[in-house]
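*Asks:* here are the coordinates; sequence isn't available:
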């Protein structure tokens, strides 16, 4: 975060449609524009964080499925495992 972002106390909305939406939300909820926008941003951030977490969990689950399929196709006594061990160190990094 830049110094300007940390010290900015106001948000200047230059899009008339966005400003109108903020005013309408405030009017419909009976809250100030600041409070209405803050709560809307909180909800949007919570949703975005949930989506990011779900996406990460989905990638982890897909990776686990790939590993399972690989393990089914390559028996534990296969020489492939020795070649893999020779290629990577104990941290999984290339040697």
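*Replies:* The structure has been received and is ready for your questions. Source: prediction; values computed, not measured. Numbers count the residues shown, from 1 in each chain.
*Asks:* CA only for contacts and neighbour counts going forward, please
*Replies:* Noted.
*Asks:* now for the biggest helix by length in the chain, which elements pack on it?
*Replies:* With secondary structure taken from DSSP state H, the chain has its longest helix at helix 33-73. For helix 33-73, the elements it packs on are helix 16-29, judged by 3 or more Cα pairs under 8 Å, 6 or more residues apart in numbering; DSSP states H and E.
*Asks:* okay, buried residues for the helix it packs on please.
*Replies:* Judged by neighbour count using 16 or more other Cα atoms under 10 Å, the buried positions of helix 16-29 are 22-23, 25-26.
*Asks:* tell me where the model's unsure across this protein.
*Replies:* Low-confidence segments of the chain (pLDDT under 70): 1-9.
*Asks:* 90 instead?
*Replies:* 1-13, 51, 54, 56-57, 67, 70-95 (pLDDT under 90).
*Asks:* and the residue nearest the centre of the chain, what does it touch?
*Replies:* What sits nearest the mean C-alpha location of the chain, by Cα atoms, centre = their mean, is residue 52, with 2.7 Å. Contact partners of residue 52, counting by Cα atoms under 8 Å, 6 or more residues apart in numbering, are absent.
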